[in-house]
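1. pasting a predicted model and its sequence here:
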Amino acid sequence: MITIINTGGANLASVSNALDRLGRTWTLTRDADTIRSAERVILPGVGAARDSMDRLQEAGLIDVIRNLTQPTMGICLGMQLLFERSEEGDTECLGIIPGTVRRMESRPGLRIPHMGWNAISPRSGDEVLFAGIAEHSHFYFVHSYAAPMGDWVCATVDHGNALPAAVRRGNFYGCQFHPERSALAGAEVLKNFLRI
Amino acid sequence: MLTRRIIPCLDVRDGVVVKGVKFRNHVVVGEILDLAARYRDQGADELVFYDITASAERRAVDLSWVEATAKRLDIPFCVAGGIRSVEDARKILHAGADKISINSPALERPELIDEMVAAFGTQCVVIGIDSMRQDGDLTVWQYTGSEATSQQSGRRTVDWIGEVQRRGAGEIVLNCMNSDGTKAGYDIAQLKIVRAIATVPLIASGGAGSMEDFENVFRDADVDGALAAGVFHRGEIYLPDLKAFLHRRGIEVRL
């Protein structure tokens, strides 16, 4: 069973609809036992870091998530929550990956939010999430904060400079883009994650 | 780098997609789900659904077609029309929309922008602006969904752009009323003025008639996306052809 953690974010339907299109069953929950026993866990997120962390805290899920051992994927804000801190609301996050998520600054020719379809560059050929996906495939991004670069980055995207498009540490994966809104390439990423 | 977005707009009235000229004389062009699926398959980068009479009739968008559309689409879509509270917006986002576009209700009560940004984040909040060039100035109009209700809002477009950005808007769609439905090209002069002050993504709307119009608006007005309705609905421009054309002309697009 695939478990989607109910972060209370506004776009939970787009993640569950994407799983429906892949013919997969899922549960949307805040129940710790259901999350612990899932084969795959997805941490979605649209909204603000502080608000989402408060909701996870209230539901007693912080340590539950930190201690997961099955493949777990954070999407967009869900990916950013995997890091130690976010400048957004000066929020302490899950601390699974080191570093601070920082606000992106606009400048002439560089619009923030980073919104739209952008090509990603997987860092090496063997990244499981991007298996079978054509080089320079485009994915849909929409964010104003960016995760730090480091050895956890498995794909980058260029918006002013190279930013993490996907990350991985152990069993934790993260996509800054929205695979559920990235047409066929996005569906492939989700399939790859479910195949791990 | 970011690609330029091509965004078909589906004007919805009484559950079907319609199209008018200069915001008037609407005719039915097709079913919502059929058109949504067609544009998805043709490579649209995003879709906008605009319930054109919701605001004037002071009602919110019908959720049933939002849900049905969300199940089918694997590209982002935005819903506009009569959304005047955080609760209205929440229902639409829960039904599966990615973004909410507000226009007249933000003019009535600009604090609505701040409330939406606090509840859902900047990335969800799009501000639609109906702007007209008159006597050398740009002015904002409201309730433009029907001729009977359309009126000047008393605001200058440039001032309003500044204010919505300060309040946290994540994207601006500029509907240029002089060019809407004319097929004479986007209002590049107006879009350039707005581009110079817009730090968030800017979407051009109104006037697309040929593939060159898209090339020109990206190259000359440097907009992030171009929205069009009639040329796609009537089959005058086939989306895959448009993208191939733009690619050949050196405009970055998702193929």
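-> Nice, thanks for sending it over. Quick caveat: nothing in here was measured; it's all calculated off a predicted structure.
2. make it CA atoms for all contacts and neighbour counts henceforth
-> Will do.
3. quick one: buried residues of the helix ranked longest in chain A?
-> Taking DSSP state H as the criterion, chain A has its longest helix at helix A:183-195. Within helix A:183-195, the residues that qualify as buried are A:Ala183, A:Leu184, A:Ala185, A:Gly186, A:Ala187, A:Glu188, A:Val189, A:Leu190, A:Lys191, A:Asn192, A:Phe193, A:Leu194, counting by 16 or more other CA atoms under 10 Å in any protein chain shown.
4. same check on stretch A:87-95?
-> A:Glu88, A:Thr91, A:Glu92, A:Cys93, A:Leu94, A:Gly95.
5. ok, now which ones touch B:Glu31?
-> B:Gly15, B:Val16, B:Val17 (CA atoms under 8 Å, 6 or more residues apart in numbering or on different chains).
6. could you measure from it over to B:Cys9?
-> Noted for B:Glu31: a distance of 13 Å to B:Cys9, by CA to CA, to the nearest Å.
7. and for B:Ala221?
-> 20 Å.
8. B:Gln190 now?
-> Distance of B:Gln190 to B:Cys9, given as CA to CA: 20 Å.
9. the two: which is more packed in?
-> For the pair B:Gln190 and B:Cys9, the greater number of neighbours falls to B:Cys9 (26 against 20), based on other CA atoms under 10 Å in any protein chain shown.
10. and residue 45, how many neighbours?
-> As the question left the chain open, I've gone with chain A. 26.
11. not what I meant, chain B
-> Neighbour number of B:Asp45 under other CA under 10 Å is 27.
12. okay, B:Ala56: pLDDT?
-> Confidence at B:Ala56, expressed as pLDDT, is 65.
13. ok, the one 4 residues further on next?
-> Looking at B:Ala60, its pLDDT is 69.
14. check the one 3 residues further on too.
-> Per-residue confidence (pLDDT) for B:Leu63: 85.
15. please apply the same query to A:Gly45.
-> The model reports A:Gly45 with a pLDDT of 77.
16. stretch B:198-212 vs chain A: in contact?
-> Yes: Stretch B:198-212 reaches chain A (CA under 8 Å from any CA of the partner chain) through B:Thr199, B:Val200, B:Pro201.
17. could I get the residues you listed as TSV with secondary structure?
-> Listed next are the residues of stretch B:198-212 next to chain A as TSV, based on DSSP: H, G, I helix; E, B strand; the rest coil:
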residue	secondary structure
B:Thr199	coil
B:Val200	coil
B:Pro201	coil
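18. picking that back up, mind putting the buried residues of helix A:183-195 into a markdown table with distance to chain B?
-> Listed next are the buried residues of helix A:183-195 as a markdown table, based on distance: CA to the nearest CA, whole Å:
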| residue | distance to chain B |
| --- | --- |
| A:Ala183 | 5 |
| A:Leu184 | 8 |
| A:Ala185 | 10 |
| A:Gly186 | 8 |
| A:Ala187 | 8 |
| A:Glu188 | 12 |
| A:Val189 | 13 |
| A:Leu190 | 12 |
| A:Lys191 | 14 |
| A:Asn192 | 17 |
| A:Phe193 | 17 |
| A:Leu194 | 18 |
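19. identify the farthest-apart pair in the residues you listed.
-> A:Ala183 and A:Leu194 (16.9 Å; CA to CA).
20. on that earlier part again, other SSEs contacting the longest helix of chain A?
-> Judged by 3 or more CA pairs under 8 Å, 6 or more residues apart in numbering or on different chains; DSSP states H and E, helix A:183-195 is in contact with strand A:138-143.
21. what separates whatever helix or strand comes next after the strand it packs on from the chain centre, distance-wise?
-> Using DSSP states H and E, the next helix or strand after strand A:138-143 towards the C-terminus is strand A:145-146. Taking CA atoms, centre = their mean, to the nearest Å, the mean C-alpha location of strand A:145-146 is offset from the chain mean by 12 Å.
22. pLDDT averaged over strand A:145-146 - what is it?
-> 96.
23. neighbours around the closest residue to B:Arg219 other than its chain neighbours, how many?
-> Distances taken as CA to CA, 6 or more residues apart in numbering or on different chains put B:Ile251 closest to B:Arg219, at 7.7 Å, once the chain neighbours are dropped. Residue neighbour count, defined by other CA under 10 Å, stands at 17 for B:Ile251.
24. what residues does chain A put near chain B?
-> By CA under 8 Å from any CA, the residues of chain A that approach chain B are A:9-14, A:17-18, A:21, A:46-48, A:106-108, A:110-113, A:115-119, A:138, A:142-144, A:157-159, A:180-184.
25. quick check on the residues you listed: which are buried?
-> Buried among these (16+ other CA under 10 Å): A:9-14, A:17-18, A:46-48, A:110-113, A:115-119, A:138, A:142-144, A:157-159, A:180-184.
26. would you mind writing the CA trace of stretch B:239-251 as PDB?
-> In PDB, the C-alpha atoms belonging to stretch B:239-251 read as follows (Å, rounded to 0.1, in the frame of the first residue of the first chain):
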ATOM      1  CA  LEU B 239      -0.600  23.300 -30.600                       C
ATOM      2  CA  PRO B 240       2.100  20.900 -31.700                       C
ATOM      3  CA  ASP B 241       2.700  23.000 -34.900                       C
ATOM      4  CA  LEU B 242       3.000  26.100 -32.800                       C
ATOM      5  CA  LYS B 243       5.600  24.600 -30.500                       C
ATOM      6  CA  ALA B 244       7.600  23.300 -33.400                       C
ATOM      7  CA  PHE B 245       7.500  26.700 -35.000                       C
ATOM      8  CA  LEU B 246       8.600  28.500 -31.800                       C
ATOM      9  CA  HIS B 247      11.400  26.000 -31.400                       C
ATOM     10  CA  ARG B 248      12.600  26.700 -34.900                       C
ATOM     11  CA  ARG B 249      12.500  30.400 -34.200                       C
ATOM     12  CA  GLY B 250      14.800  29.900 -31.200                       C
ATOM     13  CA  ILE B 251      12.100  30.300 -28.500                       C
END
